[in-house]
Each structure stands twice: as C-alpha cells, then as structure tokens.
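1. need the 3D shape of this:
(one chain, ligands or ions: 1)
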Amino acid sequence: MAKQAAGIAACDFVSSGMDVGLGTGSTVKYTVIELGRRMVEEGLKIRGVPTSIETEKLAKSLKIPLLEWHEVDTLAVTIDGADEFDSAFHLIKGGGGALTREKIVAQVSDAMVIVTDPRKDVGTLGKFPLPVEVIQFGWEVTSRHLADLCPSTVSRRGGDSPFVTDNGNFIIDCQFGATITEPVTMEANIRGIAGVVEVGLFTHMADAVIIGSTAGTEVRMKPNGRLS
Ligand code: 5RP
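-> Numbering: from 1, shown residues only. Here you go, the predicted model:
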C-alpha cells in the first residue's frame with residue numbers, strides 16, 4: 001500500500017537519540033506505528049512531539065515518550081504528510097485541520113520530511129482547497145478578506161456544523177484552483193489578515209519528499225536542503 005510504504009520509508013531518517021516531530025494524517029500514521037515498532041523490537045530510542053490530539057493518542061498507545069513544550073529545544077526532524085507539493089518543495093497542508101500545530105512543530109525542527117503519494121505531486125499549488133485556520137471571533141469578516149485574495153469560493157469547513165480545530169478555531173477552505181504561482185507571497189499575504197491564525201502553505205520548510213506507490217518508494221531530496 002502506497003501510504004504505508006512512504007510512511008515506513010521515512011523512518012530511515014530517524015535514529016536513536018533523536019527528538020522527532022510527529023505529523024498528522026493517514027500517511028504519517030504509518031511512520032508513527034513503525035517508529036513504535038522499532039522502539040519495541042529494535043531498541044530505537046526517540047522522544048516525540050505530536051502535531052495533533054489524534055497523533056498524541058496514537059503515540060501514547062504505542063508508548064512513544066512525548067516531550068512537553070518546555071522540554072523542547074530543537075527537534076532533529078519532523079515527519080509529516082501533505083496535500084500537495086511542488087517541484088520547489090513548497091506544500092499545501094491542513095487537510096486534516098492540524099496545520100497550525102504542524103507548522104509550529106516544523107518550525108522548531110532541523111529538517112522536515114514529507115510522506116506522500118503520487119497524486120499530490122503538482123506543477124502549481126492550489127487545486128487542493130487551501131486551508132486557513134481562523135479564530136471564531138469575526139470569522140465571517142475574516143472570510144471576506146480571504147475571498148479578496150481567492151479567485152473562487154471560500155467556505156467554512158463543515159458548514160453549519162463547523163469543524164473545530166484542536167485549538168478551538170475554524171478552518172476556511174479556499175478554492176484557488178491551480179493558480180498559486182507565488183506561494184511565498186501568498187503565505188505572507190494571508191498571514192497578514194487579522195483573524196488568521198495560520199495558513200496551510202508551507203514554503204521553504206520541506207527538505208525531502210517520499211512518494212509511496214504500488215511500485216515502491218521514491219525519495220526526492222531538496223537540492224541544498226538541510227538533509228542534502
Ligand atoms: C493534516 C495534514 C496532513 O498531513 C495532510 O492532510 C495529508 O494527510 P493524508 O496523509 O491523510 O493524505 O496536513 O492537517
């Protein structure tokens with residue numbers, strides 16, 4: 001299975017003694033499970049920082065020791081999924097709604113490894129609706145400011161039964177279509193709107209992308225990235 005192959009392959013970036021950021025989603029879930037297995041069966045010793053309550057529960061069930069934030073200096077690597085990636089290793093993330101915690105964890109990491117499948121490899125970012133986490137206060141107005149930047153629909157995830165993030169906020173999904181040709185600028189512009197907590201554009205963060213498929217896994221290293 002493609003996701004499992006990618007998730008397991010990412011564990012090769014982890015060695016004993018590392019503090020590791022543990023991402024969120026159906027692909028990186030296999031990384032966390034494999035890390036737990038290697039701890040029990042192969043003596044791997046790591047400590048983790050989860051990017052969501054869901055991943056925290058999984059890691060705890062596998063008895064992976066977790067760090068409190070006051071114990072975190074830097075993390076050796078974060079392994080996480082993505083909804084899209086481009087040839088410059090820029091990402092759209094947040095399909096699971098965990099983008100803010102994911103970015104905080106990635107930001108404190110010395111490297112970021114992404115586990116994906118071939119469907120997420122795009123020429124231009126934006127076909128996947130761009131998730132933006134916003135505080136509940138004034139979210140309708142914040143959405144209107146997002147609509148000024150977005151060529152098509154913006155909508156609150158979950159509609160009248162809104163999805164609420166682990167941080168108590170809403171997600172606004174922005175249908176850009178494959179138009180985000182300047183992701184660094186777009187990330188900054190969206191973050192400049194009051195009420196926005198974080199945007200699912202992750203630019204200049206990923207150092208390697210692992211693409212799982214039924215034919216095996218492909219590892220793409222970012223040229224001059226932190227792992228090259
Ligand atoms: C969660 C994320 C996920 O990493 C992303 O949505 C990919 O998930 P999956 O591996 O299930 O396709 O950003 O907020």
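2. buried residues in the lengthiest helix in the chain?
-> Longest helix in the chain, counting residues (DSSP state H): helix 28-42. By neighbour count on 16 or more other Cβ atoms under 10 Å, the buried set for helix 28-42 is V28, K29, Y30, T31, V32, I33, E34, L35, G36, R38, M39. In short, each C-beta sits where N, CA and C put it, glycine included.
3. for the helix or strand encompassing V115, which strands pair with it and how are they oriented?
-> Element membership for V115 (DSSP states H and E) is strand 112-116. Strand 112-116 has the following strand partners under DSSP bridges: strand 77-81 (parallel), strand 208-213 (parallel).
4. can you tell me which of the ones you listed is most buried?
-> Highest mean neighbour count of the strands paired with strand 112-116: strand 77-81, a mean of 28 (counted as mean count of other Cβ atoms under 10 Å).
5. so what touches that strand?
-> Residues outside strand 77-81 that contact it (Cβ atoms under 8 Å, 6 or more residues apart in numbering): 10-11, 13-14, 18, 20-28, 31, 51, 93, 96, 102, 105-106, 109-116.
6. mind running it again at 6 Å?
-> The contact list for strand 77-81, computed with Cβ atoms under 6 Å, 6 or more residues apart in numbering, reads 10, 13, 20-21, 23, 25, 27-28, 31, 102, 105-106, 109, 111-113, 115.
7. ok so, going back, now check the strand holding V115, is it near the ligand?
-> No. Judged by Cβ under 6 Å from any ligand atom, strand 112-116 stays clear of the ligand, getting no closer than 7.0 Å.
8. stretch 201-214 too?
-> No. Stretch 201-214 lies out of reach of the ligand by Cβ under 6 Å from any ligand atom, never closer than 8.7 Å.
9. alpha carbons only: can I get that stretch in CSV?
-> Extracted as CSV, the C-alpha positions of stretch 201-214 are listed here (Å, rounded to 0.1, in the frame of the first residue of the first chain):
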residue,chain,number,x,y,z
LEU,A,201,1.0,27.0,2.7
PHE,A,202,4.3,25.6,4.0
THR,A,203,7.1,27.3,2.0
HIS,A,204,10.8,26.7,2.4
MET,A,205,10.2,24.1,5.1
ALA,A,206,10.4,20.6,3.5
ASP,A,207,13.8,19.1,2.8
ALA,A,208,12.7,15.7,1.4
VAL,A,209,9.6,14.2,-0.1
ILE,A,210,8.9,10.5,0.0
ILE,A,211,6.4,9.3,-2.6
GLY,A,212,5.0,5.9,-2.0
SER,A,213,3.3,3.9,-4.8
THR,A,214,2.5,0.3,-5.5
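10. what sits up against that stretch?
-> 2-3, 5-6, 9-10, 85, 89-91, 93, 106, 111-118, 183-184, 187, 217-222, 225-227.
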